[in-house]
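>>> No letters, just coordinates:
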């Protein structure tokens, strides 16, 4: 989900676009449709660097936007239930429910935009080899970035239904930085009890990350991704604690996502660490601007998050 610096001559741009094949775009379209229309249950393994995690998922697709439940099976117990209106994360160890209201949510594993043709401006999209995954005959599709601002991807889709069975994220060296793979999958009707939380949670603490529309420009902030193909898809202010909120701006190229967080620096506390850090495919860049902490988090290479963070500017409103 990352890379691009195009704006070349029109002829050169056309030559690049011709490298993307129609049959590969058709595969992406089938993946997108499948993640919107299919109901299923399954188990998948998520890998990030040397770390791996097994999860169980159930999804009911319907006209309301669908409902799904994700249960993490390794380590600390966690359960996530997503509906059209909210995402609720159940943490039984601390008896806490974290709630996030409806916003720019993407169903798992719906990582593709409706305007698929736009991806060809920033990725070379081609068909790959066939494979067999979790008992399904699959066809792969490769997305090779055209610049240094995004990663490359390889996706494997069920030849019959279009369901995404495996997704791999690779860096500029071709190294895998992130991957998920279904190890078991059943496509078809799912009963409602499969997508309900198993926790009553009647007396649990509720942490509601309430969000409201925001206009950072009016508050004096200039936030511009300045990354080819990345568009702003959300701008809100979130409540983190009772007396603390953070501004949150989200950008996406349709595949990769990048977030900008702006919050006041804490008083009488040790200042957070600034600079670059990473976790698998996610890079994080933090800097101080006008007594605020600006943090950029992206499913992108380090060059992208640094570029965006360096362009966040504050000017006191007149």
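Alright, I've got the coordinates. All figures in this text were calculated on a predicted structure; none of them were measured in a lab.
>>> The residue nearest the centre of the chain pairs with what?
Closest to where the C-alpha atoms of the chain average out (CA atoms, centre = their mean) is residue 257, at 5.4 Å. Judged by DSSP bridges, the bridge partners of residue 257 are residue 252.
>>> Also the one 5 residues further on?
With DSSP bridges applied, residue 262 shows beta-bridge pairing to residue 247, residue 294.
>>> quick revisit: residues in contact with the residue nearest to the centre of the chain?
Shown in contact with residue 257 (CB atoms under 8 Å, 6 or more residues apart in numbering): 1, 250-251, 298-299. For every residue, glycine as well, the C-beta is placed using N, CA and C.
>>> now do residue 50
So residue 50 contacts nothing (CB under 8 Å, 6+ apart).
>>> what about 10 Å?
residue 280 (CB atoms under 10 Å, 6 or more residues apart in numbering).
>>> The one 10 residues further on too?
Contacts here follow CB under 10 Å, 6+ apart; on that basis residue 60 touches 38-41, 66-69, 189-192, 194-195.
>>> which among those end up buried?
Buried members of the contacts of residue 60, scored by 16 or more other CB atoms under 10 Å, are 38-41, 66-69, 190, 194-195.
>>> Among those, which ones are in strands?
Judged by DSSP state E, strands contain the following of the buried ones among the contacts of residue 60: 40-41, 67-69.
>>> Looking at these, which is nearest residue 87?
Distance ranking of these against residue 87, using CB to CB, places residue 68 first at 9.8 Å.
>>> one step back: just send the ones in strands among the buried ones among the contacts of residue 60 back as JSON lines, with distance to residue 76 too.
Listed next are these as JSON lines, based on distance: CB to CB, whole Å:
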{"residue": "40", "distance to residue 76": "26"}
{"residue": "41", "distance to residue 76": "23"}
{"residue": "67", "distance to residue 76": "24"}
{"residue": "68", "distance to residue 76": "20"}
{"residue": "69", "distance to residue 76": "17"}
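>>> Reformat the residues you listed as JSON lines; add pLDDT.
Compiled in JSON lines, these are given as follows (pLDDT from 0 to 100):
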{"residue": "40", "pLDDT": "97"}
{"residue": "41", "pLDDT": "97"}
{"residue": "67", "pLDDT": "94"}
{"residue": "68", "pLDDT": "95"}
{"residue": "69", "pLDDT": "96"}
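>>> Next up, phi/psi of the nearest residue to residue 141 once chain neighbours are set aside, please.
Leaving aside its chain neighbours, residue 141 sits nearest to residue 27 (4.5 Å; criterion: CB to CB, 6 or more residues apart in numbering). When read as degrees, to the nearest 10, the backbone of residue 27 gives phi -60, psi -40.
>>> A helix includes residue 24, no?
Yes - the assignment for residue 24 (DSSP: H, G, I helix; E, B strand; the rest coil) places it in a helix.
>>> Alright, that wraps it up for me.
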